[in-house]
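Q: Pasting a predicted model and its sequence here:
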Amino acid sequence: MPVPPYPRSGRAGRWRRLSKALTALGLVVLLAAALVGTASERPSAAPRTFSSGGGPTGGGTATIRANVTLTDAPAFDPSSLTGTAGDLMAVDLTNSGNFTHTFTVSSVANHPLNRSWSPTSLAAFFHANGSWTNISVAPGTSAWANFTIPANASGSSFEFVSLVAYQFQAGMFGFLNVTGGASGAGVQLTEQTSGAGLAFVPAALGANATTFPVTIDIAVSNLGSTGHTWSLVGLPNVNLTPGNFTTFFQAHPSPASVDVPTTPGQVVWANFTIPQAGVYQYLCEIPGHFAAGMFGYLYVGVPVPASVAPPSTAIVEPLLLAGAGALLGVGILLALVASLVGRIPPPAPKPHH
Ligand SMILES: [Cu+2]
């Protein structure tokens with residue numbers, strides 16, 4: 001039976017309800033899209049671990065790292081990058097679209113390219129003048145663009161474009177602004193959530209730092225498929241409990257709280273700045289997970305205590321070390337309690353008559 005193209009008078013009410021339902025559904029979809037957008041913006045300008053999935057050529061010693069998403073708009077997101085003269089720059093490129101894009105950085109300083117050029121003229125410019133890097137990224141894939149910024153490039157701006165025909169002309173370009181001076185040292189770490197139980201692997205992270213503030217970027221991924229958060233306690237040497245962490249976070253918002261992806265291999269970045277040395281607790285905010293043992297400690301500028309014997313050879317900051325040892329003790333105690341509780345068999349159900 002053919003469906004009438006327009007509502008007939010008798011069905012007007014049903015169509016009105018249907019259109020209301022569709023409007024509501026549309027709002028939900030928009031909201032979801034907005035949330036996804038927010039989430040995907042979070043790790044911008046953050047590095048990815050070089051040990052997995054490739055890294056900068058030359059052994060992973062890049063001093064500047066950035067993330068750029070190549071979209072079908074077409075555009076680069078972000079379209080503005082900052083580099084430091086003389087440093088190796090590693091750009092993690094992700095093509096989120098359905099078309100191939102290139103990330104091609106002009107080696108000519110302060111020379112904005114003409115958007116009315118034809119694709120042939122643009123290609124001719126790069127053929128004549130060269131590029132610092134020219135990486136083609138297939139749809140849905142990632143690639144690294146690694147290049148050294150010349151020491152004499154300080155204070156200059158370099159345009160990057162996509163060389164795929166008409167993408168630059170349609171707006172796919174951006175600028176790399178080069179500054180002088182040494183870039184601040186940062187620390188990069190990897191953290192995972194267990195696939196077997198409610199735990200962080202490892203539950204102790206060490207960040208070597210002698211100058212503060214220090215930037216720390218942690219790549220967090222999931223060994224399982226249970227939803228978790230990785231949430232940092234912003235104050236040093238604070239040991240929260242499952243009973244007080246919510247109240248604490250209301251008074252002292254976490255400097256980094258990320259939702260851990262439930263897809264294996266997917267990474268979310270927790271990026272934050274630590275102002276002073278100390279032991280910083282982190283935990284999962286999903287109800288019940290912290291209580292089940294899902295927490296750990298980040299040791300910044302202080303040694304990670306040995307898991308068996310307390311460190312005895314350190315000659316500096318004995319109070320911090322004592323604090324770290326106490327925290328570890330609490331952790332071990334909680335783990336013991338958890339394992340004991342886990343071993344006690346539940347009471348047998350009373351038989352019914
Ligand atoms: Cu969790």
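A: On my side now, so go ahead. Numbers count the residues shown, from 1 in each chain.
Q: any idea how far residue 152 lies from residue 272?
A: Applying Cβ to Cβ, to the nearest Å, one obtains 34 Å for the distance of residue 152 from residue 272. Using the backbone N, CA and C atoms, a C-beta is placed for each residue, glycine as well.
Q: and these two? which has more neighbours close in?
A: residue 272 (19 against 12; other Cβ atoms under 10 Å).
Q: Just the CA atoms of the helix or strand encompassing the more buried one, as CSV, please.
A: Counting by DSSP states H and E, the element that carries residue 272 is strand 268-274. Extracted C-alpha coordinates of strand 268-274, given in CSV (Å, rounded to 0.1, in the frame of the first residue of the first chain):
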residue,chain,number,x,y,z
VAL,A,268,42.7,9.9,25.9
TRP,A,269,45.2,12.5,27.1
ALA,A,270,45.3,13.9,30.6
ASN,A,271,47.3,17.1,30.3
PHE,A,272,48.0,19.3,33.2
THR,A,273,50.6,21.4,35.0
ILE,A,274,52.1,20.6,38.4
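Q: now what about stretch 76-83, what contacts it?
A: Residues from elsewhere that reach stretch 76-83 (Cβ atoms under 8 Å, 6 or more residues apart in numbering): 44-45, 64, 66, 68-71, 89, 91, 103, 149, 153, 160, 162, 172-179.
Q: got any ranges where the protein has weak pLDDT?
A: 1-63, 180-185, 308-353 (pLDDT under 70).
Q: How about the residues of it by the ion?
A: When proximity is defined as Cβ under 5 Å from the ion, the chain approaches the ion at 228, 284, 286, 289, 294.
Q: Among these, find me the one that's closest to residue 259.
A: residue 228 (7.7 Å; Cβ to Cβ).
Q: Double-check that closest one against residue 221; I have them as touching.
A: No - contact status for residue 228 versus residue 221: not in contact, 10.5 Å apart, counting by Cβ atoms under 8 Å.
Q: how close does residue 119 get to residue 187?
A: According to Cβ to Cβ, residue 119 and residue 187 sit 43 Å apart.
Q: Repeat that for residue 96.
A: As for residue 96, its distance to residue 187 is 28 Å (criterion: Cβ to Cβ).
Q: all helices in this structure, in order from the N-terminus.
A: Assignment of helices within the chain using DSSP state H yields the ranges 12-41, 119-129, 245-251, 318-343.
Q: hang on, the earlier thing: now list whatever residues contact both of residue 228 and residue 221.
A: 193, 260.
Q: These two: which is more packed in?
A: In terms of neighbours (other Cβ under 10 Å), residue 228 is the more surrounded of residue 228 and residue 221; the figures are 25 against 19.
Q: for that one, which residues make a bridge with it?
A: When bridges are called by DSSP bridges, residue 228 pairs up with residue 260.
Q: Can you tell me the number of residues neighbouring the closest residue to residue 142 other than its chain neighbours?
A: Distance criterion Cβ to Cβ, 6 or more residues apart in numbering; nearest residue to residue 142, sequence neighbours excluded, is residue 94 at 4.7 Å. Neighbours of residue 94 under the rule other Cβ under 10 Å: 18.
Q: Then residue 186?
A: A total of 18 residues lie near residue 186 under the criterion other Cβ under 10 Å.
Q: Please tell me how far the closest residue to it other than its chain neighbours sits from residue 209.
A: Counting by Cβ to Cβ, 6+ apart, the nearest residue to residue 186 once its immediate chain neighbours are dropped is residue 215, at 4.0 Å. For residue 215, the distance to residue 209 (Cβ to Cβ) stands at 9 Å.
Q: ranges for the strands of the stretch 51-200 of the chain?
A: For the stretch 51-200 of the chain, applying DSSP state E, counting those that start in this stretch gives strands covering 64-71, 75-77, 80-84, 88-95, 101-106, 131-137, 142-148, 157-161, 173-179, 186-193, 200-201.
Q: As a markdown table, these with distance to residue 123 would be great.
A: Formatted as a markdown table, the entries for the strands of the stretch 51-200 of the chain read as follows, by distance: least, Cβ to Cβ, whole Å:
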| stretch | distance to residue 123 |
| --- | --- |
| strand 64-71 | 18 |
| strand 75-77 | 19 |
| strand 80-84 | 23 |
| strand 88-95 | 20 |
| strand 101-106 | 10 |
| strand 131-137 | 11 |
| strand 142-148 | 18 |
| strand 157-161 | 11 |
| strand 173-179 | 15 |
| strand 186-193 | 36 |
| strand 200-201 | 48 |
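Q: deepest of those strands, which one?
A: Across the strands of the stretch 51-200 of the chain, averaging neighbours per residue (mean count of other Cβ atoms under 10 Å) puts strand 101-106 on top, at a mean of 24.
Q: Quick check: can you name the pairing partners of it and their directions?
A: Taking DSSP bridges as the criterion, strand 101-106 sits next to strand 131-137 (antiparallel), strand 157-161 (antiparallel) in its sheet.
Q: Restrict stretch 289-296 to CA atoms and write it as PDB.
A: What follows is the C-alpha trace of stretch 289-296 in PDB, where atoms were taken according to Å, rounded to 0.1, in the frame of the first residue of the first chain:
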ATOM      1  CA  HIS A 289      35.500   1.900  41.500                       C
ATOM      2  CA  PHE A 290      37.700   4.000  44.000                       C
ATOM      3  CA  ALA A 291      36.400   1.800  46.800                       C
ATOM      4  CA  ALA A 292      37.300  -1.300  44.900                       C
ATOM      5  CA  GLY A 293      40.900  -0.100  44.600                       C
ATOM      6  CA  MET A 294      40.900   2.100  41.500                       C
ATOM      7  CA  PHE A 295      43.400   4.700  42.500                       C
ATOM      8  CA  GLY A 296      47.100   5.400  42.300                       C
END
